[in-house]
Every structure is written in structure tokens, then in C-alpha cells.
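> Build me a model from this:
(one chain, ligands or ions: 1)
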Amino acid sequence: MGERTGLFVARKKWLAGGVLLLAASVLLVNALADWTYRRGLAELQEHGDARLELYINYLQGVLEKYESLPQLLAIDEHLVHAFLDPLDPQRIETLNRYLETINTVSDTLDTYLMNRDGLTIAASNWQKEHPFVGRNFGYRPYFTQAMEGRLGRYFALGTTSSQRGYYFAYPVRKENQILGAVVVKIDIDQIEQKWAHRDENFLVSDPEGVIFITTNPNWRYKSLRPLDEEMLRQIKDSRRYPNATLAPLGNTVVSTTPEMEIVDITLDAERQRRRFLKQSQYMPKGGWDVHILSDIRRVQERVVWVGSLAWAGLLFSVALFLLLAQRQIRLAEMKRIEDRARTALRDANEQLESRVSERTRQLTETNELLRKEILERKQTEMQLKRTRKELIHAAKLAVLGQMSAGINHELNQPLAAIRSYADNGKQFLAKGRLEEALWNLEQIGELTERMAQIGVQLKHFSKKSSGQVVAVPLHGVIDGALEILHPSLKKAGVRLETSIVPQDLKVYANHVLLQQVLVNLIANAIQAMEGMENPTLSVRCRQQGERAVVTVADNGPGVDPDSATEIFEPFFTTKKSGQGLGLGLTISDRIIHDCGGQIKLVSSSKGACFQFTLGVQQAGAT
Ligand code: ADP
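Residues are numbered from 1 along each chain as shown. Predicted structure coming up:
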């Protein structure tokens, strides 16, 4: 929501900025166009001033060239004499020829002589189609001016010739008396033609505003200002422009300053209004207003060009600016994304690092714990080993305890026998029966030997084992065990069945501990068979591949099936208190396991049958 509002505000800002920029651009281009227009006009004006000056100089030059010609002619004797005898045709013809020559030499249109009444008495065009001779031009102002004794000058369209001309007239005097006037008419057509130009028009207007010289023939005899009836009548009366309609030029003033005027004029040829810069100057010599009308089309074209260029430049700048702005925005966006990615990466890194250090710390702790545990376990193991040894020993002692009555009996019997053999020996010695006495002594010796053997066996059994595993001959171990238990076996009247196949079967075990296992198993069997008829114990050993299988079986009551899984558990016993600790089978299982074998209760048709396996020493091995 916030982002959308932000976007809206940003868009509004952009829009406002764009509108402002557009307005500023319009103003700027307008100002530039205005400046270009003014500058163009100023240049045009400067140029127009110079051209106008030149034109006026030219006009003045043309007029000045002929201005003094009538004065010069006025003092010519030929002309003065003509007035003295005007009716002599010979003289007049001579004068006509003379004037014709002068006219040709001075390059004027007409040269003629008028008498005081305004009648032309001689003229250069006496031989032309419409000669002036005999015609009265007394109404012309130049004549009047000359009659007043000064230089007459006048512009008019010829009434006879219909040719435009400028007239100079000067009085012809004889002793201060004005006899008539000599008139020179000059051609002004050439003045127009010489100055015609595409973009500038020269105009010369009379005091009434009627254009009589112009480089644009369509404007000839048109008035710059609308003429009222009175004025039109006056102009008509003066017969200055016979047959001319004197229509208005149709120029509209657009703007005006003291130096220049902007006017719109319809060009007949092009049927369209064109705008001109109009500059005017008064020419006192002719009493004329001289104008130059410069077409401002070029200025306008230049304005259009400058405007177009400015717009193009502005558009290009705006496009460039937008492009740069867009690039800037894209760069900023990319930088933002990069920053964000970098921050995310850094965060992830930090997280990873903290996780790694956390994990490392946990691992270190776990390691420490493990080390402690290992140490504890080692200690426990050592403790266990110690305890186990103690237990084994305790179990041995327990077995010994159980056997103590038998041992006692076993020792007492030979002792009693020794005593009776000694008594008998004594008596035989007293009787001198040496042979019998010796036999008795030999019996005593054998009995002590036997007693010593029991002692050795018991001592051997009761000592603590180192636990070292070596190759042990099975028959030796079995014999030892049976020897230890001999009193108990004998007392219980157990029938023994032993077999070892092969005879020299050797297994990898610890001699003392293996013997303890056998003692445990056999002692259990003897106890189980107590009170049974024909108690029979079988101890069988056979080789099965690389292993020796030892079976100890009895024909006692067997193991209760419910207890079969528990008998190897420590302290499990079904015996009366004082008869068993419930450790015998546990310790036996441990010992066989440590020697690399397995012990289990196997099913039997009668009684209990325990079986254990051990690794066999192969023949040839030591
Ligand atoms: P203990 O002899 O001290 O009871 P043991 O671990 O040697 O401990 O024996 C555990 C139990 O297994 C005995 O209490 C007995 O119930 C049973 N048992 C062991 N050997 C025999 C056997 N030959 N016949 C019947 N039961 C037996």
C-alpha cells in the first residue's frame, strides 16, 4: 500500500517536473525565436538602411545629373532668339533639330521650349508620332514654377506620350524678362529596372502617397494611403497620372516604430499576403518619399529553422536526459539488488559462521563428554575386570566351600588309612615281618603322594588366573577338573563317561579358567543328580572343523524350561541358600566368550546338557 502511494507521488512529481520542463522549454524556444526574429529584423533593417541610402543617392545622382541642364540651355542664344521671332518656320525647324541633338547627346527623353503661355514652340520630338510642338502644357506645375523664375521640377505621366518622366523647367530670360521656359524630361523607367531584386522592393511615392516609381510593376500608381474624394479630384485636375485608377495598395501596418514599419501586402502575382519591413526616407531634392520594402520571409524562415533546431536540441537533450536518468535508475536498482544480495550473503555467512561455531562448541562439548565417558568406561571396565576376577575367585572359593566336606572326607580317609597302615607297620616291625611292614610303609607313601596331589590341584584351582589364552590340551584340563571334584563324584557315586576325539585335541583357552568352567558344569551336574539313581555324567569332546565341541551332560532333572533363558543371568539360582551364588554359569559364559567360544544349554532327552565350543589348534601349530 505504502509502496503504491510512494509510486503515485513519484509519478506525480515526474509529471509536474515534465510539465514544468515543457513550459520552460516553450518559453525558452519562444524567447529564442523572438530573439532570432528581432535579430533578423535588425540585420534586415541595417541592410535596408544601407540599400535605401544607396538608392536615394542614386536617385539624387540621376536628378542632379539633369538638374542643371535646363539652366544651361536657358542661356543658349539659339533658344533666346527663338522667342524673338517665333513664327519663322525656318528658325523653328532649326531649333527643333538643335533640341533633338541636345536631347540625344544628353540622353534625355524630351527637350522642349515653351512660351509664356505654356505653348510648346519647339521640341526634340518634333518628328515623332505625338510631337509636343503646338501643345500647351501651361497647366503643369513645373511651368508655373519656371514662370515664377525658379527651377521647376515635377513628376508626371506624359499626357501625350503616356510615358513617365521627371521634368525640369527653367525660365528663359532676356534682360530680366521671362520669355518662356525650357523643359527637359528624363526617363525613369531605367531607374526601376536597375534596382529590381527578389527580396527587396524600392518605392518612390509623391506627397499624396501615390507610388510612381517601383521595382514591382504591380504596385505602380497605387496609393500607400487611402485617398479621399477631394484629394483624388485634385490629383485628377493636375493631370499627373492620366487614366490611372490610384487604387490603394492594400497594405496593412502590423507594427510600427520610428525606424521601421512591418506591413502585410497582398501580392497579386502570388495571391497571398506577404510581410515586409518597410523603411522610408524623405528625399528633399525631389520632394519624394523613398521606401524600401524588404521581404522578411528569410527572417521568418530563419526563425522556423532556429525554432526547429532548438526543439530538436531540446528533444535530444530530454531524450538524452531520460536515457541517462533511466540508466542512473537502473544502475541504482542494480546497486540496490547487489547491496541486498551482499547483505543477504553476509547475513547467511554470519549465520553459517555462528552455526558452525555453535556446532563446533557442541562438538567440543560432546567430545569432552565422550572423552570423559571413555575414561569413565575405561575405569569401569578396569573396575569390571577387577570385579570379574574377584567374582571368579569368589566363585572358585564358593565351589571349594561346596567341596570342602568331600575334600575333608578325601583327606580324612587317607589320614585314617595312613594311621592304620602306620599301626599295622609298627606291629609288623615288632613281629619282624619286614616285608609286610615295608608294604604298609609303601601304602603310607602312596597315600601321602595322593594327598599332596589333591593339595596341588586345589592350590592350582584356587589361584588367581592371568587370563592368558594359549593352546591347552583338553584331556589335561578335564582330568584336572575331575581330580578336583573327585571326592564329590565319589561321594555321590556318579558314573563317569568321558571321551575325547581325537585324544590330543588342543583348544585355545586359559588353562585355569577352562578348568573352572568344567568344574562349574560338573559340580552343577553332581548337585542336580543328588539323590538320583544311577547318576551318570558324560563329558565328551570332539572336533568339528576348526572348532572343538565339549558337552557336559547328566541324567538329573534337567533345567526347568521357564528358567532356561535365565540360568546364564548373574545371581540366578534355584539352589538353597548357602549352596549357590548363581554366578557359576555367568562366569563360565564370560570365560568361554573371552576365549573366543560360545556356551549354551542344548536340549536333551534326559537331564541337562551344556555345550561349549572353542577354537582348535590345528595339527602342526604350536
Ligand atoms: P549355582 O550353581 O550357584 O546355582 P549356577 O550359575 O552354576 O549357580 O547355576 C544356576 C542354576 O542353573 C542352578 O541354580 C540350577 O537351577 C541350574 N542348573 C545348572 N546346572 C544344572 C544341571 N546340570 N541340572 C539342572 N539344573 C542345573
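
> I'd like the distance from the strand or helix carrying residue 308 to the chain centre, please.
Assigned by DSSP states H and E, residue 308 falls within helix 297-430. Distance of helix 297-430 from the chain centroid (C-alpha atoms, centre = their mean, to the nearest Å) equals 41 Å.

> For the helix or strand that it is followed by, what does the pLDDT average out to?
Counting by DSSP H and E, the next helix or strand C-terminal to helix 297-430 is helix 434-462. For helix 434-462, mean pLDDT is 80.

> Which elements pack onto helix 434-462?
helix 297-430, helix 474-492, helix 511-528 (3 or more C-beta pairs under 8 Å, 6 or more residues apart in numbering; DSSP states H and E). From N, CA and C alone the C-beta is placed, and that goes for glycine too.

> now for the longest one, which elements pack on it?
Of the remaining helices and strands, those touching helix 297-430 by 3+ C-beta pairs under 8 Å, 6+ apart are helix 2-67, strand 272-283, helix 434-462, helix 474-492, helix 511-528, helix 584-594.

> Out of the ones you listed, which gets the lowest mean score?
helix 434-462 - the lowest mean pLDDT of these, at a mean of 80.

> distance between that helix and the chain's centre?
109 Å.

> Next: stretch 277-287.
74 Å.

> What of stretch 151-164?
89 Å.

> do you know how far the residue of the chain most remote from its centre is from residue 437?
Residue farthest from the centre of the chain, counting by C-alpha atoms, centre = their mean, is residue 431 at 134.5 Å. For residue 431, the distance to residue 437 equals 8 Å [C-beta to C-beta, to the nearest Å].

> And for residue 199?
From residue 199 to residue 437 the distance is 185 Å (C-beta to C-beta).

> between those two, who's got more neighbours?
More neighbours surround residue 437 than the other of residue 199 and residue 437, with 19 against 13 (other C-beta atoms under 10 Å).

> Is the more buried one in contact with residue 421, as I believe?
No. In this structure residue 437 lies outside contact range of residue 421 using C-beta atoms under 8 Å: 9.8 Å.

> mind listing what's buried in stretch 250-267?
251, 260-263, 265 (16 or more other C-beta atoms under 10 Å).

> out of those, what pair is the most spread apart?
Using C-beta to C-beta, the buried residues of stretch 250-267 reach their maximum pairwise distance at 260 and 265, which is 14.9 Å.

> Of all the helices and strands in the protein, which has the lowest average confidence?
Least confident helix or strand, the chain: helix 189-195 with a mean of 77, by mean pLDDT, DSSP states H and E.

> Report the inter-axis angle for the helix or strand following that one versus strand 272-283.
Scanning forward in sequence from helix 189-195 by DSSP H and E, the next helix or strand is strand 200-205. Strand 200-205 and strand 272-283 are oriented at 50 degrees to each other (axes from the mean of the first three to the mean of the last three C-alpha atoms, to 10 degrees).

> can I have strand 200-205 written out in CSV, keeping just the CAs?
Extracted C-alpha coordinates of strand 200-205, given in CSV (Å, rounded to 0.1, in the frame of the first residue of the first chain):
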residue,chain,number,x,y,z
GLU,A,200,13.6,43.9,-51.8
ASN,A,201,11.3,46.4,-53.4
PHE,A,202,12.0,50.1,-53.8
LEU,A,203,9.2,52.5,-54.0
VAL,A,204,9.0,56.2,-54.6
SER,A,205,5.8,58.0,-53.6
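
> Does residue 564 belong to a helix, a strand or coil?
The local conformation at residue 564, judged by DSSP: H, G, I helix; E, B strand; the rest coil, is coil.

> neighbours around it, how many?
Residue 564 - counted by other C-beta under 10 Å - has 14 other residues nearby.

> That one is in contact with residue 600, isn't it?
No. With contact defined as C-beta under 8 Å, residue 564 does not reach residue 600; the gap is 9.9 Å.

> picking up where we left off before, most tightly surrounded among the helices and strands packed on helix 434-462?
Highest mean neighbour count of the helices and strands packed on helix 434-462: helix 511-528, a mean of 24 (counted as mean count of other C-beta atoms under 10 Å).

> is the ligand contacted by that helix?
Yes. Residues of helix 511-528 are located near the ligand by C-beta under 6 Å from any ligand atom, namely 520, 524-525, 528.

> by contact count, what packs against that helix?
Secondary elements touching helix 511-528 (3+ C-beta pairs under 8 Å, 6+ apart): helix 297-430, helix 434-462, strand 470-473, helix 474-492, strand 536-544, strand 547-554, helix 584-594, strand 609-615.

> got CSV for the ones you listed, with distance to residue 29 too?
Formatted as CSV, the helices and strands packed on helix 511-528 follow (distance: least, C-beta to C-beta, whole Å):
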stretch, distance to residue 29
helix 297-430, 5
helix 434-462, 127
strand 470-473, 118
helix 474-492, 124
strand 536-544, 117
strand 547-554, 114
helix 584-594, 109
strand 609-615, 113
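
> Relative to the ligand, which of those is closest?
helix 584-594 (2.5 Å; C-beta to the nearest ligand atom).

> List the buried residues of the closest one.
Buried residues in helix 584-594 (16+ other C-beta under 10 Å): 584-592.

> Take the residues you listed and write them to TSV, including distance to residue 130.
Shown next, in TSV, are the buried residues of helix 584-594 (distance: C-beta to C-beta, whole Å):
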residue	distance to residue 130
584	180
585	176
586	173
587	176
588	177
589	172
590	171
591	174
592	173
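
> Find the closest residue to the ligand in the stretch 51-200 of the chain.
residue 199 (141.5 Å).

> follow-up on the earlier one: which one of the helices and strands packed on helix 434-462 lies nearest to residue 102?
helix 297-430 (46.5 Å).

> Okay, angle between that closest one and helix 2-67 too, please.
Using the same axes, to 10 degrees: helix 297-430 against helix 2-67 is 150 degrees.

> near the ligand, anything from helix 297-430?
No. Using C-beta under 6 Å from any ligand atom, helix 297-430 stays clear of the ligand, with a minimum separation of 7.1 Å.

> and the two most separated of the residues of helix 511-528 next to the ligand?
520 and 528, at 12.4 Å, using C-beta to C-beta across the residues of helix 511-528 next to the ligand.

> ok so, going back, mean pLDDT lowest for which of the helices and strands packed on helix 511-528?
helix 434-462 - the lowest mean pLDDT of these, at a mean of 80.
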